[in-house]
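> Let's see this in three dimensions:
(chains A, B, C and D)
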2 protein chains.
Amino acid sequence: MAVRLIDVARAAKVSRSTASNVYANPDRVRPQLRERVEEAAKALGYAGPDPKGRILRAGKVNSIGVVGPGQWGVANVLRSPVFVQFLQGIAQACDDAGASMVLLPDAPHAKGIGSAIVDGFIFGRIEQLDQLDLAHRRRLPFAVVDFNAGPDVNAVMVDARAGTKSAVEHLIALGHRRFAIVSFMRGIGPASVLPPAVGRDLTGVGIQIDQEKLAGAMQALAEAGLNIDDVLIVHAEPWDETAAKLLLDSAPDATAIFSFSAMQAIAVINEARRRNIHVPDDLSVVGYNDIPEAALCNPPLTTLDSRSTEKGRIAAEFVLAGKRGRRHVLTPEIIVRHSTAKLLAHVDLDKQLRR
Amino acid sequence: MAVRLIDVARAAKVSRSTASNVYANPDRVRPQLRERVEEAAKALGYAGPDPKGRILRAGKVNSIGVVGPGQWGVANVLRSPVFVQFLQGIAQACDDAGASMVLLPDAPHAKGIGSAIVDGFIFGRIEQLDQLDLAHRRRLPFAVVDFNAGPDVNAVMVDARAGTKSAVEHLIALGHRRFAIVSFMRGIGPASVLPPAVGRDLTGVGIQIDQEKLAGAMQALAEAGLNIDDVLIVHAEPWDETAAKLLLDSAPDATAIFSFSAMQAIAVINEARRRNIHVPDDLSVVGYNDIPEAALCNPPLTTLDSRSTEKGRIAAEFVLAGKRGRRHVLTPEIIVRHSTAKLLAHVDLDKQLRR
DNA sequence: ATTATTTTTTGGATCGATCCAAAAAATGTG
DNA sequence: CACATTTTTTGGATCGATCCAAAAAATAAT
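Numbers count the residues shown, from 1 in each chain, chains lettered A, B, ... in the order given. Next up is the predicted model:
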């Protein structure tokens, strides 16, 4: 049907090898012959060496599969700034390696993972362990993020605990002593303040990274000699718009807020403005994840850079290099903008009275 | 090196064909033999039929390449809600066809397009025509959007002119007679109001779709018997934050605004609120593109659904079906939310005096 | 002009699987 | 049991190119 290299070779009256060399090693064939082949190719409308053939011989595909949560067509992940940063990191590594990335659906009994023409996989989010089985079965290198998936699996993790700890320490260094936290509890319904005994332990209700965040915050507070039971924690879904209101209602005396996400932090800032609470003079706010909105918000948000781009880049580099079992831990870095400030004595006093 | 199907066949003492059938047509081989082959496979650690081999035989790859503007690692397209909608449309078609999508860099002399293992391409944005040459050379079907690229190229276009026209007609039907427009002029510097003679024709300074939008708006106004020279047009970059201010400064008597983008429309709404201009009672605002922010803004924005998702879906369907030279024109649909309202007589009078 | 050296060209094997027609084996019928 | 029919299994060819060692041709040296 289609014109093949061998057709071109025959038309130019040369061997397949020579025809092949015209494309793969042009300098190894005499200009005269090369021209003859090129003419034959043009005359026949040859599309050039078919990568499908080349790939079989070469073994390497120069492409990695990114397995998204669910199907990309309905997934909301493409709307998540953090996930997009992660994808861009992967893309950077691919650009550098001259590779391309395949967006693979994670269908049930995923045909995608089983039959994708790739050199390896990256799992952006682990929801079910059986996807990993499928990847294992392919015997290709793969990487997961923020997940421990056994000895021969590349893993890039973010030390959310250390990051959170440093963020809270930043607030403590500014003189803050009374805190409130927007924490996540997935699938819990409307935002609510849970009693300490329940709210301190996210095992089973939060995802692992949420637990880490809470632990880091608690550790910083404990090390500063603060009573962690005094800290008000609002538990909410990441998208719950009532969380900020509930938090400001419930913790009128808090001078510093740490939020598990940048969006919730921005919501707090906006709600504060509505109530004529000045950020950062009356209230310091720190978020998690450095999304574009964080820099644009007013005042610009002090937040943790959760290294999503690096996470993607390193995961992709592991896979592209054919590595297995590597482990890399990234530590979030605090980006101090203008939503945090030194606690002013009169504000502290004033707030204390509102308790 | 790696275990091949033939190794498994030898170990199980069957022919390659039988071993192949165990994976491709399990019901065609006797259970007894099938089990023997499966055991041999497990014993050898066989990874299953290598897709690279299958693909060569099958011809079809079940995958399409999406060529983005520039490199995906640095591209800002993944941050653009409209482009993400477009990608999701492609992903939907891929999901339905059990295919996957490859994100291909559009490097200079793109290695990506030349060697990608795909059944076809989709060009998300055409910046240089030589990319299309490369795709042509591969002799694979491909699709472009909002661009006319010759007879055997699939094209999906959006009739921005008709869409814009209907949006302005919506405003006219509500009684509005004095308009202002936020138009785009790429690379023009800070937002500015250009004299009619210059600002009415975007040829050469805008991209094609911007010209269409302006033409549609003008047509609606002309058909309603309005003098288009009375319409104030602010020309700006899409991201210019001063456009909304300039517009409200320059057109105090306008009762209706049409913006070339949703973000600029939202900016107008926000700026109006700052000035105590009530939307929609004092001012109706219509945007272009239905991004998530449009529904969330306050009041929810009346805007044109530019059919980005369908655009992607149809383009992908063309390519996946191996079609060539198809053409599909989509017409934007107006989504009436709450940023537009019937013009109130006293508002009209009041504004007229401010001229 | 003959031999030695270098550059080009070539045929065979390979990458890993699938398809198809023919052979072999199993099953059914008289 | 002999023969017809159906189900399984098999070897050969193919998908489209690339690599490698050997052959052929061109160039250099004696």
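
> Now do stretch A:337-355: distance from first to last residue.
28 Å (Cα to Cα, to the nearest Å).

> again with stretch A:179-193
This stretch, stretch A:179-193, spans 14 Å end to end (Cα to Cα).

> swap in stretch A:155-163?
Per Cα to Cα, stretch A:155-163 runs 18 Å from first to last residue.

> and chain A, which of its residues are near DNA strand D?
A:1-2, A:4-6, A:16-17, A:20, A:23-24, A:48-50, A:52-54, A:56-58 (Cβ under 7 Å from any atom of the strand). Just so you know, the C-beta spots here come from the backbone N, C-alpha and C atoms, and that holds for glycine as well.

> And for whichever residue of the stretch 251-355 of chain A sits closest to DNA strand D, the neighbour number?
Across the stretch 251-355 of chain A, no residue is closer to DNA strand D than residue A:322, which sits at 17.7 Å (Cβ to the nearest atom of the strand). As a burial measure, residue A:322 scores 11 neighbours (other Cβ atoms under 10 Å in any protein chain shown).

> Quick check: it is in a helix.
No: according to DSSP: H, G, I helix; E, B strand; the rest coil, the state of residue A:322 is coil, so it is not within a helix.

> Could you point out which residue ranges in chain A have low pLDDT?
Within chain A, the segments meeting pLDDT under 70 span A:1, A:108-110, A:127-128, A:196-206.

> Do a quick rundown of the strands in it.
Remark: strands assigned in chain A by DSSP state E are A:63-67, A:100-104, A:120-123, A:142-145, A:154-158, A:179-184, A:192-193, A:232-236, A:256-259, A:284-288, A:302-305, A:327-330, A:333-335.

> and those strands as CSV, adding mean neighbour count?
As requested, these are exported to CSV (neighbours: other Cβ atoms under 10 Å in any protein chain shown):
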stretch, mean neighbour count
strand A:63-67, 27
strand A:100-104, 27
strand A:120-123, 28
strand A:142-145, 26
strand A:154-158, 23
strand A:179-184, 25
strand A:192-193, 17
strand A:232-236, 27
strand A:256-259, 30
strand A:284-288, 27
strand A:302-305, 25
strand A:327-330, 15
strand A:333-335, 16
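
> what would those look like in JSON lines with distance to residue A:223?
Listed next are the strands of chain A as JSON lines, based on distance: least, Cβ to Cβ, whole Å:
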{"stretch": "strand A:63-67", "distance to residue A:223": "39"}
{"stretch": "strand A:100-104", "distance to residue A:223": "42"}
{"stretch": "strand A:120-123", "distance to residue A:223": "34"}
{"stretch": "strand A:142-145", "distance to residue A:223": "28"}
{"stretch": "strand A:154-158", "distance to residue A:223": "21"}
{"stretch": "strand A:179-184", "distance to residue A:223": "14"}
{"stretch": "strand A:192-193", "distance to residue A:223": "24"}
{"stretch": "strand A:232-236", "distance to residue A:223": "18"}
{"stretch": "strand A:256-259", "distance to residue A:223": "15"}
{"stretch": "strand A:284-288", "distance to residue A:223": "17"}
{"stretch": "strand A:302-305", "distance to residue A:223": "18"}
{"stretch": "strand A:327-330", "distance to residue A:223": "21"}
{"stretch": "strand A:333-335", "distance to residue A:223": "17"}
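
> Out of these, which is closest to residue B:177?
For those, the distance to residue B:177 is smallest for strand A:284-288, at 46.1 Å, taking Cβ to Cβ.

> And for the residue in chain A positioned nearest to DNA strand D, nearest residue in space, chain neighbours not counted?
Nearest residue of chain A to DNA strand D, counting by Cβ to the nearest atom of the strand: residue A:53, 2.8 Å away. Among residues not flanking residue A:53 along the chain, residue B:56 sits closest, at 6.3 Å (Cβ to Cβ, 6 or more residues apart in numbering or on different chains).

> so who does the nearest residue to residue A:75 once chain neighbours are set aside touch?
Of all residues not flanking residue A:75 in the chain, residue A:68 sits nearest, at 5.5 Å (Cβ to Cβ, 6+ apart). The neighbours of residue A:68, taking Cβ atoms under 8 Å, 6 or more residues apart in numbering or on different chains as the test, are A:75, A:77, A:103, A:104, A:105, A:106, A:124, A:125.

> Likewise for residue A:163?
A:213, A:216, A:288, A:304, A:306, A:331, A:332, A:333, A:334.

> related to what we said a few turns ago, would you check that the residue nearest to residue A:53 makes contact with residue A:51?
No: look at residue B:56 against residue A:51 with Cβ atoms under 8 Å: they stay out of range, at 10.2 Å.

> what about those two, which has more around it?
The residue with more neighbours, out of residue B:56 and residue A:51, is residue A:51; 20 against 16, by other Cβ under 10 Å.

> Give me the distance between the more buried one and residue A:315.
25 Å (Cβ to Cβ, to the nearest Å).

> cool, residue A:133 as well?
19 Å.

> Could you tell me how many residues sit around the residue in the stretch 201-350 of chain A positioned nearest to chain B?
Going by Cβ to the nearest Cβ, chain B is nearest to residue A:292 of the stretch 201-350 of chain A, at 6.9 Å. Neighbourhood size, residue A:292 [other Cβ under 10 Å]: 13.

> how many other residues sit next to the residue nearest to it when sequence neighbours are not counted?
Excluding the flanking residues, the one nearest residue A:292 by Cβ to Cβ, 6+ apart is residue A:81, at 6.4 Å. By the criterion of other Cβ under 10 Å, residue A:81 has 18 neighbours.

> just residue A:140 next, same as before
20.

> Run through the residues that contact it.
Contacts of residue A:140 (Cβ under 8 Å, 6+ apart): A:118, A:119, A:120, A:121.

> Quick check: the third one vs DNA strand C, distance?
Taken as Cβ to the nearest atom of the strand, to the nearest Å, the spacing of residue A:120 relative to DNA strand C amounts to 16 Å.

> Look up how far residue A:154 lies from the closest residue to that residue other than its chain neighbours.
Spatially, and ignoring its direct neighbours in sequence, residue A:120 is nearest to residue A:319 (3.7 Å; Cβ to Cβ, 6+ apart). Remark: distance between residue A:319 and residue A:154 (Cβ to Cβ) = 7 Å.

> Quickly list what's touching both of these two.
Joint contacts of residue A:319 and residue A:154 (Cβ under 8 Å, 6+ apart) are A:141, A:142, A:143.

> which residues sit in contact with the last one?
This means residue A:143. Contacts of residue A:143 by Cβ under 8 Å, 6+ apart are A:120-123, A:153-156, A:315-316, A:318-319, A:326.
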